[in-house]
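Enquirer: Next one to model:
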Amino acid sequence: MDFTLDEQQQAVADLAEQIFTDALAPDLQTERLRVVEATDDWFDRDLWQVLADAGLLGIALGADMGGAGLDAVALALLLRAQGAHVAPMPLLPSAVASLVVDRHGDDTQRQTLLPGVVAGTTILTVAIQELLDDRLDEPSCSFMVESSGGCQTGRLTGRKVVVEHLSTADYLLVTASTADGPRVILVNRSSEGIAAQTGPSTRLQPLSDVTFTDAPGQVVGGPAAVTALLDHLRMGVCATQLGVTERALALTAEYTSTREQFGRPIATFQAVGQRLADQFVNVGGIRLATLSAAWRLANDRDATEDLLVAKWWASERATDVANATQHVHGGMGVATDYPLHRYTLWNKHLATSLGAGSQALRGLGALLAD
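Expert: Okay, the predicted model is just below:
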């Protein structure tokens, strides 16, 4: 297993970093993000279009749809760059949902959705989490198939929580139970039978509690589509968290190197140095586990164990990173005109997305027991 980036992957990483840096350079970041976060949809549309024009929104989609035809590692690198710049946009849900449609959808679904995704004009989101139920692969939301021709269509009923970017999405991918087992259901956001209540998340992002009442939808692929959706979402959360923790630690290293106490930089104090050294190890663990999981997904290997390990690191150890970097900064860390507080909010949101570390650990234990 070699995690050295190949030429294409390095080009993706460099291009993504350049675009996000140009838009969210340190002297521009605070004001631009404050403006975007104050909007109802929490969406930097201008930056989204720049990513589309650069070909990054279709980085993991097939070339026949206008995508770059790359793999999960390239997608992880793109999401890592987003996390490093805490850029508010539906990149994770839309990129993963479109990848699932590309890999498992039929020709009509692919032709309907993917060219628009690549161009930045079509946005997808996902609805997989249910209230007080962390069994993501056993949804209680139900889908009654009415037509079993080339594309199974029917009606969706149930409730999903923590749905991101509902107001900006054109379509949703929803996990639901059917007579044949769990399936991914494609739902048009403008369809009848969809009601939602929306409130702010830890990172001030609007999240929706969505109820489906006989909403029309169609099945995307078979059982493998459910696995692909959940696996790539977990990987994407970890990759975004990797970018968040790397940048938070870099900010802290810079701050402690210039902040002086008793006539010398606080980075020279043993307690500070030891604590940040621990966080260097934690960030390295998140990086290793995440890239390992992405590599396995990219090479069509079973990534279940790697994903659970990565999610544990991106929850438990990422929380340690947030606590340490915040503590070392002192009062400066919570100042809204200083960037660290935003990384801490993103960290807390991602740490519990798709389940906290304890849930990942239970899943890993059950896997090992089997």
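Enquirer: distance of the closest residue to Q29 other than its chain neighbours from T202?
Expert: Nearest residue to Q29 in three dimensions, chain neighbours excluded: P339, at 6.1 Å (CB to CB, 6 or more residues apart in numbering). C-beta coordinates here come from the backbone N, C-alpha and C atoms, glycine included. According to CB to CB, to the nearest Å, P339 and T202 sit 17 Å apart.
Enquirer: Now do E246: how many residues are near it, please.
Expert: 19 (other CB atoms under 10 Å).
Enquirer: in which helix or strand would I find it?
Expert: Take DSSP states H and E as the rule and E246 turns out to sit in helix 223-258.
Enquirer: Any buried residues in that helix, and which?
Expert: Buried residues in helix 223-258, counting neighbours by 16 or more other CB atoms under 10 Å, are found at 225-249, 251-253, 255-256.
Enquirer: just for this protein, where's the confidence low?
Expert: The model of the chain has pLDDT under 70 over residues 1-2, 27-28, 260.
Enquirer: Now do the helices in it.
Expert: 7-23, 26-37, 45-53, 72-84, 91-104, 107-119, 223-258, 270-298, 304-312, 318-329, 340-352, 357-369 (DSSP state H).
Enquirer: any chance of those helices in a markdown table, with distance to A60 too?
Expert: Below are the helices of the chain laid out as a markdown table (distance: least, CB to CB, whole Å):
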| stretch | distance to A60 |
| --- | --- |
| helix 7-23 | 10 |
| helix 26-37 | 25 |
| helix 45-53 | 13 |
| helix 72-84 | 5 |
| helix 91-104 | 5 |
| helix 107-119 | 11 |
| helix 223-258 | 9 |
| helix 270-298 | 9 |
| helix 304-312 | 17 |
| helix 318-329 | 24 |
| helix 340-352 | 20 |
| helix 357-369 | 24 |
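Enquirer: Of those helices, which stretch is the most buried?
Expert: Comparing the helices of the chain by mean neighbour count (mean count of other CB atoms under 10 Å), helix 72-84 comes out on top with a mean of 27.
Enquirer: packing partners for that one?
Expert: helix 7-23, helix 91-104, helix 223-258, helix 270-298 (3 or more CB pairs under 8 Å, 6 or more residues apart in numbering; DSSP states H and E).
Enquirer: how about the ones you listed in JSON lines, adding distance to D306?
Expert: Converted to JSON lines, those look like this (distance: least, CB to CB, whole Å):
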{"stretch": "helix 7-23", "distance to D306": "18"}
{"stretch": "helix 91-104", "distance to D306": "17"}
{"stretch": "helix 223-258", "distance to D306": "9"}
{"stretch": "helix 270-298", "distance to D306": "4"}
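Enquirer: For Q49, which non-adjacent residue is spatially closest?
Expert: Q49's closest residue in space is G120 (CB to CB, 6+ apart), at 5.2 Å.
Enquirer: That neighbour - how many residues pack around it?
Expert: 18.
Enquirer: Just confirm it contacts L57, I think it does.
Expert: Yes. With contact defined as CB atoms under 8 Å, G120 reaches L57; the gap is 5.7 Å.
Enquirer: Please identify every residue contacting each of these two.
Expert: Contact criterion CB atoms under 8 Å, 6 or more residues apart in numbering; residues shared by G120 and L57: W48, L51.
Enquirer: got the CA coordinates for stretch 261-273 in CSV?
Expert: C-alpha atoms of stretch 261-273 as CSV (Å, rounded to 0.1, in the frame of the first residue of the first chain):
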residue,chain,number,x,y,z
GLN,A,261,5.5,35.0,27.6
PHE,A,262,8.3,35.7,30.0
GLY,A,263,10.4,37.0,27.2
ARG,A,264,10.3,34.0,24.9
PRO,A,265,7.9,32.2,22.6
ILE,A,266,5.4,29.9,24.4
ALA,A,267,6.3,27.2,21.9
THR,A,268,9.6,26.8,23.8
PHE,A,269,7.7,25.9,27.0
GLN,A,270,7.9,22.1,27.6
ALA,A,271,4.2,21.7,28.4
VAL,A,272,3.1,23.5,25.3
GLY,A,273,5.6,21.6,23.1
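Enquirer: Just the residues contacting that stretch, thanks.
Expert: Residues outside stretch 261-273 that contact it (CB under 8 Å, 6+ apart): A253, T256, S257, T258, R259, E260, L276, V328.
Enquirer: Could you rerun that using 10 Å?
Expert: 252-260, 275-276, 324, 327-328, 330 (CB atoms under 10 Å, 6 or more residues apart in numbering).
Enquirer: Roughly how far does the residue nearest to L78 when sequence neighbours are not counted sit from T202?
Expert: Once flanking residues are discounted, L78 sits nearest to A16: 5.0 Å by CB to CB, 6+ apart. Applying CB to CB, the value for A16 to T202 is 25 Å.
Enquirer: Tell me where the longest strand sits in the protein.
Expert: In the chain, assigned by DSSP state E, the strand with the most residues is strand 206-220.
Enquirer: Tell me the buried residues in that one?
Expert: The neighbour-count check on strand 206-220 (16+ other CB under 10 Å) flags 206-212, 215-220 as buried.
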